[in-house]
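Colleague: Just the structure for this:
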Amino acid sequence: QVHLVESGGALVQPGGSLRLSCSASGLPLDKYAIGWVRQVPGKEREGLSCFTSSDGSTYYPDSVKGRFTMSRDSAKNTWYLQMNDLKPEDTAVYYCAAPTCGVNPNDAWGQGTQVIVSS
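Modeller: Residues are numbered from 1 along each chain as shown. Model (predicted):
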């Protein structure tokens, strides 16, 4: 069973940077996809990145491409989301989801970590 725990959320000033962590366990050995999603109350969830184990590629939507980077430490089973040049509109609760980046309704989600971008 997949279990995810996010951390690293904080209050940061506009233009600042932040790195979120997602500690994962129970991921399938053969093929999976793990990604970051954020949600603002009253708005739809927004996918931010999706790493696919089958080819090692990471997808980013145009809205965050160039500002957000997903990486991993395989030894620690931990994925990171490096966020640069943060804007007030990046304020949200950030989640990681697997094993289909939150596409499958049965995916596992972490508890979320709050990011607030404000001066």
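Colleague: what residue ranges in this structure are flagged as low confidence?
Modeller: Across the chain, nothing is flagged by pLDDT under 70.
Colleague: Please enumerate the strands of it.
Modeller: Listed in chain order, the strands of the chain (DSSP state E) span 3-7, 11-12, 18-25, 33-39, 46-52, 57-59, 68-73, 78-83, 92-98, 108-109, 113-117.
Colleague: how much space between the most centrally placed residue in the chain and S119?
Modeller: Centroid-nearest residue in the chain, with CA atoms, centre = their mean: W36, separated by 2.3 Å. In this view, W36 and S119 are 24 Å apart by CB to CB, to the nearest Å. Where C-beta positions appear, they are placed from N, C-alpha and C, glycine not excepted.
Colleague: State the distance from Y80 to E46.
Modeller: 18 Å.
Colleague: So for these two, which residue has more residues nearby?
Modeller: Using other CB atoms under 10 Å as the criterion, Y80 and E46 rank with Y80 on top: 18 against 15.
Colleague: and the closest residue to the more buried one other than its chain neighbours, what does it touch?
Modeller: Spatial nearest neighbour of Y80, chain neighbours left out: S71 (5.0 Å); criterion: CB to CB, 6 or more residues apart in numbering. By CB atoms under 8 Å, 6 or more residues apart in numbering, the residues touching S71 are 79-80, 82.
Colleague: Including distance to C96, could the residues you listed go into TSV?
Modeller: Shown next, in TSV, are the contacts of S71 (distance: CB to CB, whole Å):
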residue	distance to C96
W79	6
Y80	10
Q82	14
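Colleague: Which of these sits closest to C50?
Modeller: Closest approach to C50 among the contacts of S71 (CB to CB): W79, at 10.7 Å.
Colleague: Give the bridge partners for the closest one, please.
Modeller: C22, R72 (DSSP bridges).
Colleague: From Y32, how far out is it?
Modeller: For W79 relative to Y32 (CB to CB), the value is 11 Å.
Colleague: Repeat that for G112.
Modeller: In terms of CB to CB, G112 sits 20 Å off from Y32.
Colleague: Ok, Q82 next?
Modeller: Q82 sits at a distance of 21 Å from Y32 (criterion: CB to CB).
Colleague: Between these two, tell me which one has more neighbours.
Modeller: Remark: of Q82 and Y32, Y32 carries more neighbours, 18 against 13, as counted by other CB under 10 Å.
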